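> could you look at this predicted model? Sequence included:
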Amino acid sequence: MNQNVGKSPWILQLIGAFKFTSGLLLVALGIGLFHHEKDDLGEGVDHIVAALKLDPDNHYIHTAIEKVSRISPKQLRLIGVGTFLYALLYLVEGGGLLLKRRWAEYFTIIATGVFIPLEVYEVARRLTLIRVGVLAINIAIVAYLVYQLWRKRRDEAGSVDDPAPAPTA
């Protein structure tokens with residue numbers, strides 16, 4: 001089986017670029033987490049809130065500062081490791097799609113699809129526009145990739161020449 005996707009639709013390239021860029025951003029986040037593991041995170045978030053001129057008395061911002069302040073250095077290291085693993089997943093997906101590898105389409109379907117039940121649970125637990133958006137995007141990615149693979153298999157099966165016509169009596 002040909003491992004190259006061949007003439008890849010621009011949407012596959014867009015998905016690949018999105019996944020690869022997300023992976024790079026997660027690597028940067030992971031580096032930042034390890035760089036600041038000994039810092040007072042609450043103080044850091046206070047500084048960011050002040051720099052962005054946000055209202056620190058806002059309920060959501062106050063809750064975020066409170067939650068971040070309770071993260072221990074050990075928890076931060078674990079979050080950093082998880083961030084790097086997730087970045088690796090995104091880099092492999094995105095890189096494979098950008099390099100037009102068919103295995104990357106299968107890999108992305110599995111890697112993205114496996115999180116959909118969790119995302120459905122999160123949307124059911126607390127409905128937010130961001131959660132619904134992430135769920136919709138991931139369902140669209142999986143559906144599109146499944147469709148592309150189905151279409152390619154159908155086209156490949158249709159292009160195989162019959163060995164010889166059946167003899168007529």
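All right, it came through fine.

> what's the distance between the closest residue to Leu98 other than its chain neighbours and Leu29?
With sequence-adjacent residues excluded and distances taken as C-beta to C-beta, 6 or more residues apart in numbering, Leu98 is closest to Gly16, at 4.0 Å. No exception for glycine: its C-beta is placed from N, CA and C like everyone else's. To Leu29, Gly16 is 20 Å away according to C-beta to C-beta, to the nearest Å.

> surely Glu122 is in contact with Ile130?
No. Counting by C-beta atoms under 8 Å, Glu122 stays clear of Ile130, with 10.1 Å between them.

> helices or strands next to the helix or strand containing Val123 in the packing?
Per DSSP states H and E: Val123 is located in helix 116-125. Applying 3 or more C-beta pairs under 8 Å, 6 or more residues apart in numbering; DSSP states H and E, one finds that helix 116-125 contacts helix 129-159.

> centre of the chain to stretch 92-110, how far?
12 Å (C-alpha atoms, centre = their mean, to the nearest Å).

> okay, Gly16 and Leu29: which has more neighbours?
Using other C-beta atoms under 10 Å, the more surrounded residue of Gly16 and Leu29 is Gly16, with 24 against 16.
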